[in-house]
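[1] Model the following, please.
(2 chains)
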Amino acid sequence: MRSPLRTLTRRGLLTGTVGSAALLATAGTLAGCGTKGAQQTEAGCKSEDLSATEKKVAFSNWPQYMDTDEKDESKRPTLDAFVAASGIQVTYSEDVNDNNEFFGKVRNQLAGCQSTGRDIMVLTDWMAARVIRLGWVQKLDKSKMPNVEANLLQSLRGRSFDAETQLAVPWQSGLAGLAYNAKVTKEIRTVDELLTRPDLKGKVTVLSEMRDTIGLLLQSLGHDPAKFTSAQFDDALNKLKKAVDSKQIRRFTGNDYAPDLAKGDIAACIGWSGDVVQLGFDDEKIKFVVPESGVMLWSDNMLVPNKATHKANAEALMNHYYDPAVAAKLAAYVNYICPVQGAQAEMEKIDPDLATNPLIFPDDAMLSKAKVFMALDEAQEKEYETKFQQVIGA
Amino acid sequence: MSALAHVPTSAGKPAPPPVRRGRNRLLPYLLLLPGAAWLLVFFALPLVQLASASLYDPAGSLSTGYAMTWAFSNYPDALQAYWPQFSRSFLYSAIALVLALLMGYPLAYAIAQKAGRWKNLLLVAVVAPMFTSFLVRTLAWKTILSDNGALVGLLRDVHLLGPDGRLLATPIAVVLGLTYNFLPFLVLPLYASLERLDPRLLEAASDLYASPLRAFAKVTLPLSMPGLIAGTLLFFIPATGDYINAELLGTPNEYMIGNVIDSAFLVRLDYPQGAALSFLLMAAILAIVFVYLRRAGTEEVL
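    Next up is the predicted model:
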């Protein structure tokens, strides 16, 4: 039996495989010449709406961004109320963990005008701006969302990436500022303290979202994050680089700074208001600070991607969450800034303490310190992101 | 084979019929077909695509697309920008490999030769952590190494760490994480080799007045070489490309090449650079493996 097999030796097989792979590679590179642009247009990528016949909607959101029942974690009261009232079945997935990661997940489909299987995706301002710029989302019908028309906070209308307020509906908003654990450190008040105070060395984390971190640094240097020059950006980046080089900054984080801050492994950080408010319920020593120099305001937005087939259902769901009573219930659970007017009055009935919490219903004084990061074009985005990534080590 | 046996042959001739020879010659290739098709679709084609992406015009962008300009300069440019992370990857995984060998070899030997009826239980103990996700295991290390955890507390008490010293977010944590996460890949092939080791050979060695150390060097080690080589490769290759350990247990100062590639593809959207870095990593690993195998001179693995 061995003799016929002897024609195929390991070595021969390997040589053959490597050889043909090399051949294929050459042929492939010759044939595959570049990629097409990912830009889509409304006319070029039409989506069908099957809402009338299919009573369902697929909703992709961030983890811990939806109220759950106190007794049964699998129940989501405000969402269940929507299902009961409208008869629309909601497939709710917590599969947005990071804007960039999620973008990587849906990039190929949306660039090729294919369905992602999602009807609503929730993305942060700058990522929403990018997918809007690429023409990857559907225009919403305002007449189907009277609550949004009536109740969306004034400061969130006509944002630079969605001038007509017809592409992105804020889910929750929030602030990026400073946070510290009073068990392990004394109070911090400014960005400079965070980046230079010797007792914090190696116990500081900073957000890996460039806009939040650089935005705060720009403000600490007296620049305006809503309108800055390339030189001012470099200024802020240098300040960050100094803190990295001096090993003041322990690491760059997404949401994952929260457990470290609670444990005291990190003493202070740049963090998001909602996380810190939630940590504060369990441990009042964990505090959020709005630095004198200013704070960053951002929103996570509901968007309907191209080829999503249940747009009208999605609009009904958005409309539901802009009912002040529903918004108040949600805000009482997630503790981010509520983008719905009238929810503060509803909150009085649920929890008067929360109704007066400026991190959920900010007053004018705080809003005046809050800035939204400048909308970047593609070239700027690449330049700034590359420079920033170089400083954060990747 | 029974079907082949009934192939009509002209009676009385001793030579095997040509039909049968042809079938047999084809058989190994037929058996290879599913695997080869799998490799072609999920390995070779993506590799070709990645190769061409690494030569795209670096000035391209997502919205306009990338033109194929044979930009070989992507390679030196990427290396220039990220050589520290590159060399760090090899340094960390080499240190982790040495640590893993120091722990893994005695462990594999003990399981294979000395464990007796506990052998299966011990093997399960080596493999069991693999039942949970890689991510979860690494996150568990965050708790173990935590600044306020028992381990750091103990090390501070015995003054191995300063009062403000920490393990988390240091190179030590990253190397420990790599060592732990890839240890089973080293232990299992080693175990397979050592299990086949005939104890009578060791007896013979000692009958011939070899000291235990000499018997190890002259008998055990050479006989375990195939497992050792397979194990070190299975350990070293994924450890070098790993980015989870550096991300979760390290700081920007510990980032490895995997972190850079991750950010090139997902954050900076610099696809040509990400592809070029991936190929550089692959080439570097291939070169190391090639030299290593030449040196170790084994036909058992390749």
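
[2] Any residues of the stretch 201-302 of chain B in contact with chain A? List them.
    Counting by C-beta under 8 Å from any C-beta of the partner chain, the residues of the stretch 201-302 of chain B close to chain A are B:250-253, B:255, B:259-260, B:262-263, B:265-270, B:302. Glycine gets a C-beta too; all of them are placed from N, C-alpha and C.

[3] Restrict these to the buried ones and give me that as a PyMOL selection.
    Buried residues within those, by 16 or more other C-beta atoms under 10 Å in any protein chain shown, are selected in PyMOL with:
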select buried, chain B and resi 250+251+252+253+255+259+260+262+263+265+266+267+268+269+270
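
[4] now, which of the residues of the stretch 201-302 of chain B next to chain A sits nearest A:Lys55?
    Minimum distance to A:Lys55 across these is 35.3 Å, recorded for B:Leu266 (C-beta to C-beta).

[5] sorry, back to before: among the residues of the stretch 201-302 of chain B next to chain A, which one has the lowest pLDDT?
    Lowest pLDDT among these: B:Leu302, with 45.

[6] Tell me, domain by domain, which residues of the chain belong where.
    Using chain A here. Domain assignment for chain A by automatic domain parsing gives A:56-171+A:300-356, A:174-297+A:375-391.

[7] ah, no, chain B please
    Using automatic domain parsing, chain B is parsed into the domains B:14-49, B:84-296.

[8] how far is the shortest one from where the chain is centred?
    This means domain B:14-49. Mean C-alpha position of domain B:14-49 versus that of the full chain (C-alpha atoms, centre = their mean, to the nearest Å) differs by 27 Å.

[9] Enumerate the positions of that domain that are buried.
    Those would be B:24, B:44, B:47-49, for domain B:14-49 by 16+ other C-beta under 10 Å.

[10] tell me which element residue 121 is part of?
    The chain I'm using is chain A. In this assignment (DSSP states H and E), A:Met121 forms part of strand A:120-124.

[11] Chain B was what I was after
    Element membership for B:Leu121, per DSSP H and E: helix B:119-127.

[12] need the contact list for the most centrally placed residue in chain A.
    By C-alpha atoms, centre = their mean, the mean C-alpha position of chain A lies nearest to A:Thr124, the distance being 3.5 Å. A:Thr124 makes contacts with A:99, A:209, A:298-301, as judged by C-beta atoms under 8 Å, 6 or more residues apart in numbering or on different chains.

[13] ok, back up a step: so which of the domains of chain B is nearest A:Gln380?
    Nearest to A:Gln380, of all these, is domain B:84-296, at 12.9 Å by C-beta to C-beta.

[14] Dihedrals phi and psi, the closest residue to chain A within the stretch 151-300 of chain B?
    When scored by C-beta to the nearest C-beta, the stretch 151-300 of chain B has B:Pro252 as its residue closest to chain A, at 2.8 Å. In terms of degrees, to the nearest 10, the main-chain angles of B:Pro252 are phi -50, psi -30.

[15] For the helix holding B:Leu121, list every residue counted as buried.
    Using 16+ other C-beta under 10 Å as the test for burial, helix B:119-127 gives B:119, B:122-123, B:126.

[16] Run through the residues of the stretch 101-250 of chain A sitting next to chain B.
    Residues of the stretch 101-250 of chain A lying close to chain B by C-beta under 8 Å from any C-beta are A:101, A:103-104, A:107, A:111, A:133-134, A:202, A:244, A:247, A:249-250.

[17] Looking at neighbours, which among those is most surrounded?
    Within those, neighbour counts (other C-beta atoms under 10 Å in any protein chain shown) peak at A:Ile249, which reaches 32 neighbours.

[18] Look up how far B:Asn253 lies from that residue.
    The gap separating A:Ile249 from B:Asn253 is 9 Å, by C-beta to C-beta, to the nearest Å.
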